[in-house]
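**Q** A structural model of the following input is requested.
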Amino acid sequence: MKKTLALIFSIILVIGLSACSSKSSGGSATLQEETYTIEIEIEKYGTITAVLDAKTAPITVSAFVSRVKDGFYNGLTFHRVYDTFMIQGGDPNGNGLNDENLPTITGEFAYNGVENNISHKRGTLSMARSQSYNSASSQFFIVQEDSPHLDGQYASFGKVTSGMELVDKVCKDTPVIDDNGSVAPNNQPVIKEIRIVKDNSGN
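**A** Numbers count the residues shown, from 1 in each chain. The predicted structure is shown next:
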(Lines give C-alpha, C1' and ligand atoms only; values in the text may rest on other atoms or scores of the structure.)
Protein backbone atom coordinates (compact mmCIF):
# COMPACT_ATOMS: atom_id res chain seq x y z
CA MET A 1 0.00 0.00 0.00
CA LYS A 2 2.80 2.40 0.92
CA LYS A 3 4.58 1.61 -2.36
CA THR A 4 1.36 2.32 -4.28
CA LEU A 5 0.84 5.68 -2.55
CA ALA A 6 4.48 6.61 -3.16
CA LEU A 7 4.12 5.78 -6.84
CA ILE A 8 0.94 7.90 -7.15
CA PHE A 9 2.65 10.81 -5.39
CA SER A 10 5.64 10.55 -7.74
CA ILE A 11 3.37 10.65 -10.80
CA ILE A 12 1.50 13.71 -9.49
CA LEU A 13 4.80 15.45 -8.72
CA VAL A 14 6.14 14.83 -12.24
CA ILE A 15 2.92 16.10 -13.82
CA GLY A 16 3.02 19.22 -11.64
CA LEU A 17 6.65 19.97 -12.50
CA SER A 18 5.94 19.47 -16.20
CA ALA A 19 3.04 21.92 -16.06
CA CYS A 20 5.17 24.54 -14.33
CA SER A 21 7.93 24.07 -16.89
CA SER A 22 5.43 24.44 -19.73
CA LYS A 23 4.07 27.69 -18.30
CA SER A 24 7.54 29.20 -17.87
CA SER A 25 8.81 28.35 -21.35
CA GLY A 26 8.21 29.90 -24.72
CA GLY A 27 9.15 33.24 -26.26
CA SER A 28 5.64 34.67 -26.06
CA ALA A 29 4.83 33.71 -22.48
CA THR A 30 4.18 37.37 -21.58
CA LEU A 31 1.14 37.44 -23.87
CA GLN A 32 -2.16 36.43 -22.34
CA GLU A 33 -3.57 35.06 -25.58
CA GLU A 34 -1.96 34.64 -28.99
CA THR A 35 -5.05 35.62 -30.95
CA TYR A 36 -3.51 36.20 -34.37
CA THR A 37 -0.25 35.26 -36.06
CA ILE A 38 0.93 37.70 -38.71
CA GLU A 39 3.80 37.99 -41.15
CA ILE A 40 5.44 41.31 -42.02
CA GLU A 41 7.33 40.99 -45.28
CA ILE A 42 9.95 43.68 -45.85
CA GLU A 43 11.33 44.10 -49.36
CA LYS A 44 14.99 43.06 -49.72
CA TYR A 45 15.08 41.75 -46.14
CA GLY A 46 12.61 38.93 -45.55
CA THR A 47 9.69 38.10 -43.29
CA ILE A 48 9.06 38.81 -39.62
CA THR A 49 6.52 36.65 -37.78
CA ALA A 50 4.60 38.01 -34.80
CA VAL A 51 1.67 37.14 -32.56
CA LEU A 52 -1.02 39.63 -31.52
CA ASP A 53 -2.84 39.61 -28.18
CA ALA A 54 -6.45 40.74 -28.53
CA LYS A 55 -7.25 39.81 -24.95
CA THR A 56 -4.88 42.47 -23.61
CA ALA A 57 -5.41 45.07 -26.33
CA PRO A 58 -8.72 44.29 -28.10
CA ILE A 59 -9.29 47.75 -29.61
CA THR A 60 -5.74 48.01 -30.92
CA VAL A 61 -5.62 44.50 -32.37
CA SER A 62 -9.06 44.86 -33.96
CA ALA A 63 -8.06 48.10 -35.71
CA PHE A 64 -4.68 46.71 -36.80
CA VAL A 65 -6.14 43.44 -38.11
CA SER A 66 -8.85 45.31 -39.99
CA ARG A 67 -6.19 47.35 -41.81
CA VAL A 68 -4.18 44.21 -42.54
CA LYS A 69 -7.22 42.51 -44.05
CA ASP A 70 -7.84 45.57 -46.21
CA GLY A 71 -4.25 45.49 -47.49
CA PHE A 72 -3.69 48.96 -46.04
CA TYR A 73 -0.05 48.38 -45.07
CA ASN A 74 1.05 46.79 -48.32
CA GLY A 75 3.53 49.08 -50.04
CA LEU A 76 3.95 51.45 -47.10
CA THR A 77 7.30 51.96 -45.40
CA PHE A 78 9.28 52.20 -42.20
CA HIS A 79 9.86 55.95 -42.14
CA ARG A 80 11.61 56.07 -38.77
CA VAL A 81 14.53 53.82 -37.88
CA TYR A 82 16.28 54.37 -34.58
CA ASP A 83 19.16 51.94 -34.00
CA THR A 84 19.17 50.46 -30.46
CA PHE A 85 15.53 51.54 -30.03
CA MET A 86 12.93 50.63 -32.68
CA ILE A 87 11.64 50.79 -36.26
CA GLN A 88 8.37 52.62 -36.98
CA GLY A 89 6.11 52.41 -40.03
CA GLY A 90 2.58 52.28 -41.35
CA ASP A 91 2.13 55.96 -42.20
CA PRO A 92 0.48 56.45 -45.63
CA ASN A 93 2.37 59.74 -46.02
CA GLY A 94 5.72 58.23 -45.09
CA ASN A 95 6.66 61.14 -42.85
CA GLY A 96 5.11 60.35 -39.48
CA LEU A 97 2.33 62.93 -39.78
CA ASN A 98 -0.42 60.51 -40.80
CA ASP A 99 -3.53 61.27 -42.81
CA GLU A 100 -5.92 63.46 -40.80
CA ASN A 101 -8.83 61.48 -42.24
CA LEU A 102 -7.70 58.23 -40.64
CA PRO A 103 -9.83 57.22 -37.64
CA THR A 104 -8.04 57.12 -34.27
CA ILE A 105 -8.48 54.64 -31.44
CA THR A 106 -8.48 54.60 -27.66
CA GLY A 107 -4.98 54.22 -26.24
CA GLU A 108 -4.87 50.93 -24.37
CA PHE A 109 -2.26 51.68 -21.70
CA ALA A 110 -2.10 52.55 -18.01
CA TYR A 111 -1.69 56.33 -18.39
CA ASN A 112 -5.02 56.26 -20.22
CA GLY A 113 -6.72 54.15 -17.57
CA VAL A 114 -6.43 50.84 -19.43
CA GLU A 115 -4.56 47.84 -18.03
CA ASN A 116 -1.89 46.51 -20.39
CA ASN A 117 0.81 44.21 -19.02
CA ILE A 118 2.76 43.63 -22.25
CA SER A 119 6.13 45.23 -21.50
CA HIS A 120 8.10 46.98 -24.23
CA LYS A 121 10.82 44.37 -24.41
CA ARG A 122 12.83 43.49 -27.51
CA GLY A 123 10.43 42.34 -30.20
CA THR A 124 7.29 44.00 -28.83
CA LEU A 125 4.80 45.53 -31.30
CA SER A 126 3.24 48.78 -30.14
CA MET A 127 1.25 51.69 -31.53
CA ALA A 128 2.77 55.10 -32.21
CA ARG A 129 0.81 58.21 -31.27
CA SER A 130 1.06 61.97 -30.89
CA GLN A 131 0.74 63.81 -27.55
CA SER A 132 -2.93 62.85 -27.30
CA TYR A 133 -3.44 59.49 -25.61
CA ASN A 134 -6.17 58.59 -28.10
CA SER A 135 -4.38 59.63 -31.28
CA ALA A 136 -3.03 56.28 -32.55
CA SER A 137 -4.30 55.25 -35.98
CA SER A 138 -2.14 53.20 -38.34
CA GLN A 139 1.46 53.71 -37.28
CA PHE A 140 3.15 50.95 -35.29
CA PHE A 141 6.66 50.20 -34.14
CA ILE A 142 8.78 47.17 -33.31
CA VAL A 143 11.05 47.54 -30.29
CA GLN A 144 14.65 46.58 -31.05
CA GLU A 145 15.97 46.79 -27.49
CA ASP A 146 14.17 46.63 -24.15
CA SER A 147 12.43 49.97 -23.56
CA PRO A 148 10.51 49.70 -20.25
CA HIS A 149 10.21 53.50 -20.08
CA LEU A 150 7.44 53.17 -22.71
CA ASP A 151 5.35 50.88 -20.51
CA GLY A 152 2.06 52.43 -19.53
CA GLN A 153 2.35 55.14 -22.19
CA TYR A 154 1.96 53.26 -25.47
CA ALA A 155 -0.38 50.47 -26.52
CA SER A 156 1.72 47.33 -26.86
CA PHE A 157 -0.26 44.61 -28.61
CA GLY A 158 1.98 41.81 -29.78
CA LYS A 159 5.42 40.24 -29.97
CA VAL A 160 7.81 39.09 -32.68
CA THR A 161 8.36 35.32 -32.56
CA SER A 162 10.89 35.10 -35.40
CA GLY A 163 12.81 37.50 -37.61
CA MET A 164 14.25 39.97 -35.10
CA GLU A 165 17.55 39.66 -36.92
CA LEU A 166 15.81 41.46 -39.80
CA VAL A 167 14.89 44.34 -37.49
CA ASP A 168 18.56 44.51 -36.46
CA LYS A 169 19.65 44.56 -40.10
CA VAL A 170 17.14 47.30 -41.01
CA CYS A 171 18.49 49.37 -38.12
CA LYS A 172 22.08 48.78 -39.20
CA ASP A 173 21.57 49.36 -42.94
CA THR A 174 19.16 52.31 -43.02
CA PRO A 175 20.67 55.82 -43.13
CA VAL A 176 18.83 58.48 -41.14
CA ILE A 177 18.75 62.25 -41.57
CA ASP A 178 18.35 63.43 -37.97
CA ASP A 179 18.64 62.40 -34.32
CA ASN A 180 15.02 61.26 -34.31
CA GLY A 181 15.65 58.44 -36.78
CA SER A 182 13.83 60.03 -39.71
CA VAL A 183 14.54 58.30 -43.02
CA ALA A 184 14.55 60.02 -46.41
CA PRO A 185 11.76 58.68 -48.70
CA ASN A 186 14.16 56.99 -51.10
CA ASN A 187 15.83 55.06 -48.25
CA GLN A 188 12.74 53.90 -46.38
CA PRO A 189 12.45 50.09 -46.12
CA VAL A 190 9.26 48.99 -47.87
CA ILE A 191 6.59 46.85 -46.26
CA LYS A 192 5.78 44.55 -49.15
CA GLU A 193 2.89 42.94 -47.28
CA ILE A 194 1.45 42.28 -43.85
CA ARG A 195 -0.73 39.18 -43.79
CA ILE A 196 -2.59 37.06 -41.26
CA VAL A 197 -1.43 33.46 -41.30
CA LYS A 198 -3.33 32.20 -38.25
CA ASP A 199 -6.57 33.38 -36.66
CA ASN A 200 -7.48 32.07 -33.21
CA SER A 201 -10.07 34.77 -32.54
CA GLY A 202 -13.02 32.55 -33.33
CA ASN A 203 -14.53 35.27 -35.55
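**Q** how about the secondary structure of Val68?
**A** Counting by DSSP: H, G, I helix; E, B strand; the rest coil, the backbone at Val68 sits in helix.
**Q** give me the buried positions along the longest strand along the chain.
**A** Secondary structure assigned by DSSP state E gives strand 191-199 as the longest strand of the chain. The neighbour-count check on strand 191-199 (16 or more other CB atoms under 10 Å) flags 191-195 as buried. (C-beta placed from N, C-alpha, C; glycine too.)
**Q** from those, which is closest to Thr56?
**A** Ile194 (19.8 Å; CB to CB).
**Q** hey, what's that closest one bridged with?
**A** Ile40 (DSSP bridges).
**Q** so what's it up against?
**A** Applying CB atoms under 8 Å, 6 or more residues apart in numbering to Ile194 gives the contacts 38-41, 68, 73-74.
**Q** export those as TSV, with columns for neighbour count.
**A** Formatted as TSV, the contacts of Ile194 follow (neighbours: other CB atoms under 10 Å):
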residue	neighbour count
Ile38	22
Glu39	17
Ile40	26
Glu41	17
Val68	20
Tyr73	22
Asn74	14
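**Q** so where does the residue positioned nearest the centre of the chain fall, helix or strand?
**A** Central residue of the chain (CA atoms, centre = their mean): Leu125, 1.8 Å from the mean position. Using DSSP states H and E, Leu125 maps to strand 124-127.
**Q** also Val167?
**A** helix 164-173.
**Q** helices or strands next to that helix in the packing?
**A** The contact analysis (3 or more CB pairs under 8 Å, 6 or more residues apart in numbering; DSSP states H and E) places helix 164-173 against strand 46-52, strand 78-82, strand 86-89.
**Q** now those in CSV, with mean pLDDT, distance to Tyr111 and mean neighbour count?
**A** Formatted as CSV, those follow (pLDDT from 0 to 100; distance: least, CB to CB, whole Å; neighbours: other CB atoms under 10 Å):
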stretch, mean pLDDT, distance to Tyr111, mean neighbour count
strand 46-52, 98, 22, 20
strand 78-82, 98, 22, 24
strand 86-89, 98, 19, 26
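**Q** adding distance to Ser156, write those strands out as TSV.
**A** Shown next, in TSV, are the helices and strands packed on helix 164-173 (distance: least, CB to CB, whole Å):
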stretch	distance to Ser156
strand 46-52	10
strand 78-82	17
strand 86-89	12
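**Q** so which of the ones you listed gets nearest Asn187?
**A** Nearest of the helices and strands packed on helix 164-173 (CB to CB): strand 78-82, 8.9 Å.
**Q** roughly how far is that closest one from the heart of the chain?
**A** Centroid separation for strand 78-82 versus its chain: 15 Å, with CA atoms, centre = their mean, to the nearest Å.
**Q** now swap in stretch 129-138 and tell me
**A** That offset, for stretch 129-138, works out to 16 Å (CA atoms, centre = their mean).
**Q** residues making contact with it?
**A** By CB under 8 Å, 6+ apart, stretch 129-138 touches 60, 63, 67, 72-73, 90-92, 98-99, 102-107, 109, 111-112, 127-128, 139, 154-155.
**Q** 6 Å - rerun?
**A** 90, 98, 102, 104-107, 112, 127 (CB atoms under 6 Å, 6 or more residues apart in numbering).
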